[in-house]
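Engineer: This is a predicted model, with the sequence first.
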Amino acid sequence: HHQNRIGSDIIMQLDDVVSSVNVDRQRFETAMERSVRWLDRCIGAHRRFESQSLFPIIQGGLDYSEGGLRDKCLEQMIARDSPGYAIGGMAGGEDKESFWRVV
(Lines give C-alpha, C1' and ligand atoms only; values in the text may rest on other atoms or scores of the structure.)
Protein backbone atom coordinates (compact mmCIF):
# COMPACT_ATOMS: atom_id res chain seq x y z
CA HIS A 1 0.00 0.00 0.00
CA HIS A 2 2.65 2.54 1.04
CA GLN A 3 4.94 1.71 -1.87
CA ASN A 4 1.99 2.25 -4.23
CA ARG A 5 1.25 5.60 -2.61
CA ILE A 6 4.78 7.02 -2.79
CA GLY A 7 5.09 6.03 -6.44
CA SER A 8 8.05 3.63 -6.34
CA ASP A 9 8.99 2.28 -9.77
CA ILE A 10 9.99 -1.09 -8.32
CA ILE A 11 8.22 -2.31 -5.22
CA MET A 12 9.22 -5.26 -3.09
CA GLN A 13 6.85 -7.72 -1.52
CA LEU A 14 6.73 -8.13 2.24
CA ASP A 15 8.82 -11.18 3.14
CA ASP A 16 9.79 -13.17 6.20
CA VAL A 17 13.54 -12.72 6.63
CA VAL A 18 15.67 -15.19 8.58
CA SER A 19 19.36 -14.63 9.28
CA SER A 20 21.31 -16.74 6.80
CA VAL A 21 23.44 -18.15 9.63
CA ASN A 22 20.40 -19.63 11.39
CA VAL A 23 20.68 -23.44 11.48
CA ASP A 24 16.96 -24.24 11.90
CA ARG A 25 15.79 -25.62 8.55
CA GLN A 26 12.15 -25.60 9.68
CA ARG A 27 12.41 -21.84 10.31
CA PHE A 28 13.63 -21.33 6.74
CA GLU A 29 10.79 -23.46 5.37
CA THR A 30 8.29 -21.45 7.41
CA ALA A 31 9.77 -18.16 6.15
CA MET A 32 9.69 -19.38 2.56
CA GLU A 33 6.05 -20.52 2.78
CA ARG A 34 5.00 -17.34 4.56
CA SER A 35 6.76 -15.17 1.97
CA VAL A 36 4.86 -16.93 -0.82
CA ARG A 37 1.55 -16.34 0.98
CA TRP A 38 2.47 -12.72 1.59
CA LEU A 39 3.33 -12.29 -2.08
CA ASP A 40 -0.20 -13.36 -2.95
CA ARG A 41 -1.55 -10.75 -0.56
CA CYS A 42 0.76 -8.11 -2.06
CA ILE A 43 -0.43 -8.99 -5.56
CA GLY A 44 -4.02 -8.61 -4.37
CA ALA A 45 -3.29 -5.19 -2.88
CA HIS A 46 -1.18 -3.91 -5.80
CA ARG A 47 -3.03 -1.18 -7.72
CA ARG A 48 -0.57 0.36 -10.16
CA PHE A 49 0.60 -2.48 -12.42
CA GLU A 50 1.11 -0.16 -15.37
CA SER A 51 3.64 2.06 -13.57
CA GLN A 52 5.04 -0.04 -10.71
CA SER A 53 6.75 -3.42 -10.90
CA LEU A 54 6.17 -5.75 -7.93
CA PHE A 55 9.20 -7.96 -7.27
CA PRO A 56 8.95 -11.15 -5.21
CA ILE A 57 11.81 -11.85 -2.82
CA ILE A 58 13.29 -15.34 -3.00
CA GLN A 59 13.90 -16.93 0.41
CA GLY A 60 15.41 -20.26 1.43
CA GLY A 61 18.54 -19.57 3.43
CA LEU A 62 21.76 -20.98 2.08
CA ASP A 63 20.02 -24.01 0.55
CA TYR A 64 20.90 -23.44 -3.09
CA SER A 65 20.93 -27.17 -3.91
CA GLU A 66 18.91 -28.41 -6.86
CA GLY A 67 15.37 -28.90 -5.56
CA GLY A 68 16.30 -27.14 -2.31
CA LEU A 69 14.44 -24.39 -0.48
CA ARG A 70 15.53 -21.60 -2.82
CA ASP A 71 14.50 -23.64 -5.85
CA LYS A 72 11.12 -24.37 -4.25
CA CYS A 73 10.58 -20.72 -3.42
CA LEU A 74 11.64 -19.60 -6.89
CA GLU A 75 9.26 -22.10 -8.50
CA GLN A 76 6.37 -20.68 -6.48
CA MET A 77 7.34 -17.08 -7.23
CA ILE A 78 7.77 -17.70 -10.98
CA ALA A 79 4.25 -19.13 -11.07
CA ARG A 80 2.99 -15.61 -10.21
CA ASP A 81 4.56 -14.14 -13.38
CA SER A 82 6.32 -11.10 -11.94
CA PRO A 83 8.48 -8.65 -13.92
CA GLY A 84 11.58 -9.33 -11.80
CA TYR A 85 12.87 -11.06 -8.68
CA ALA A 86 15.02 -10.19 -5.70
CA ILE A 87 17.38 -12.46 -3.76
CA GLY A 88 16.39 -12.29 -0.10
CA GLY A 89 17.85 -13.46 3.16
CA MET A 90 21.46 -12.57 2.38
CA ALA A 91 23.97 -10.21 4.03
CA GLY A 92 23.10 -11.73 7.40
CA GLY A 93 26.56 -12.86 8.40
CA GLU A 94 27.12 -15.74 5.99
CA ASP A 95 30.63 -16.32 4.66
CA LYS A 96 31.45 -14.84 1.26
CA GLU A 97 31.69 -18.23 -0.46
CA SER A 98 28.14 -19.12 0.61
CA PHE A 99 26.93 -15.67 -0.40
CA TRP A 100 28.34 -15.99 -3.92
CA ARG A 101 27.00 -19.54 -4.36
CA VAL A 102 23.47 -18.30 -3.67
CA VAL A 103 23.83 -15.19 -5.81
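Structural biologist: That came in fine, so what should we check first?

Engineer: Give me the three-state assignment for K72.
Structural biologist: helix (DSSP: H, G, I helix; E, B strand; the rest coil).

Engineer: err, R27, not the other one
Structural biologist: Once three-state DSSP is applied, R27 turns out helix.

Engineer: Just give the nearest non-adjacent residue to it, would you?
Structural biologist: Using Cβ to Cβ, 6 or more residues apart in numbering and skipping the chain neighbours, the partner closest in space to R27 is V18 (5.5 Å). No exception for glycine: its C-beta is placed from N, CA and C like everyone else's.

Engineer: and the gap between the one you found and I11?
Structural biologist: Distance, V18 to I11, using Cβ to Cβ, to the nearest Å: 22 Å.

Engineer: ok, the two, which is more surrounded?
Structural biologist: V18 (21 against 17; other Cβ atoms under 10 Å).

Engineer: Need the pLDDT of that one.
Structural biologist: For V18, the pLDDT comes out at 88.
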